[in-house]
Each structure stands twice: as C-alpha cells, then as structure tokens.
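Sharing a sequence plus its predicted fold:
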Amino acid sequence: MSFTVRNSGTRQSDEVAQLYVRDVLAGVARPIPELAAFARITLAPGATQRVPFDAKRLPLPFLDESLTLIEEPGTWRIRGALWLVRRAERSDCGAKLVVPSPTP
C-alpha cells in the first residue's frame, strides 16, 4: 500500500507521511486512531514521490485481556495523513482492509 505526495509549492518541503489504522469492531478497546507507520521525506519544488508502506508490517495483532497476542478477523480502516512540517497542515486519504477468519 502506498500514497503519492506532490510538492505543489515553489520551495523545498519536508513532509511526514503517516499511516493510521483502526479496528472497526475490536474485542478489546484500542486507540482511535493508532499510528501504524510513518516516513519523513524531502521534496523539491514540483517533485512527486510515492511513499510505500508494507501491509504485512502493520500492527494488527494486539494483546487481549489475558495478555495473549491475537489477531482478530474483521474490518480495519486505514488512513494516510500527510503533515507538512513547516506549515503544520494535514491532508488525508483512506482505505479499508478486511482480515478474514482463519480457515481450519
């Protein structure tokens, strides 16, 4: 999964691309949203850069009430956010990820 960042300005810019996840219906209370990954990039004026994130490395497993690491089947909301470091502005994009039940 990835999103593309473009510097539409006339000056070099530092950006922080952030990826957030949210379990739509978790069996245990989870943070809303939960920061899953981030990458800081520098873009020249007019430059475009694809920022990739490895879906296999998203922090979907979590500790249940008995402190056992589990991964529940269900739907996760994934949101990308871009913070423009110098101007503290934000831009959002989103997707949905479905984790299937394990097959016996």
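Thanks, I have the structure now.

I32 and R79: what is the separation?
Here the distance between I32 and R79 works out to 11 Å (C-beta to C-beta, to the nearest Å). From N, CA and C alone the C-beta is placed, and that goes for glycine too.

And F38, by the same measure?
Applying C-beta to C-beta, the value for F38 to R79 is 12 Å.

which neighbours do those two share?
L19 (C-beta atoms under 8 Å, 6 or more residues apart in numbering).

coming back round to it: neighbour count for I32 and R79, which is higher?
Set side by side, I32 and R79 show more neighbours around R79, with 15 against 11, by other C-beta atoms under 10 Å.

In three-state terms, how would the more buried one be classified?
Secondary structure of R79, reduced to three states by DSSP: H, G, I helix; E, B strand; the rest coil: strand.

I'd say it and E34 touch.
No: contact between R79 and E34 fails when scored by C-beta atoms under 8 Å: they sit 10.2 Å apart.

Identify the contacts common to the two.
The contact lists of R79 and E34 share 20-22, where a contact means C-beta under 8 Å, 6+ apart.

Which one of those is nearest to L63?
Proximity of these to L63 (C-beta to C-beta) peaks at V21, which lies at 15.7 Å.

now the closest one: how far from K56?
V21 sits 13 Å away from K56 when distances are taken as C-beta to C-beta.

If you count surrounding residues, which of these two has more?
When V21 and K56 are compared for neighbours, V21 comes out ahead with 20 against 6, by other C-beta under 10 Å.

which residues touch that one?
Shown here is V21, whose contacts under the criterion C-beta under 8 Å, 6+ apart are 33-34, 36, 58-60, 76-79, 97.
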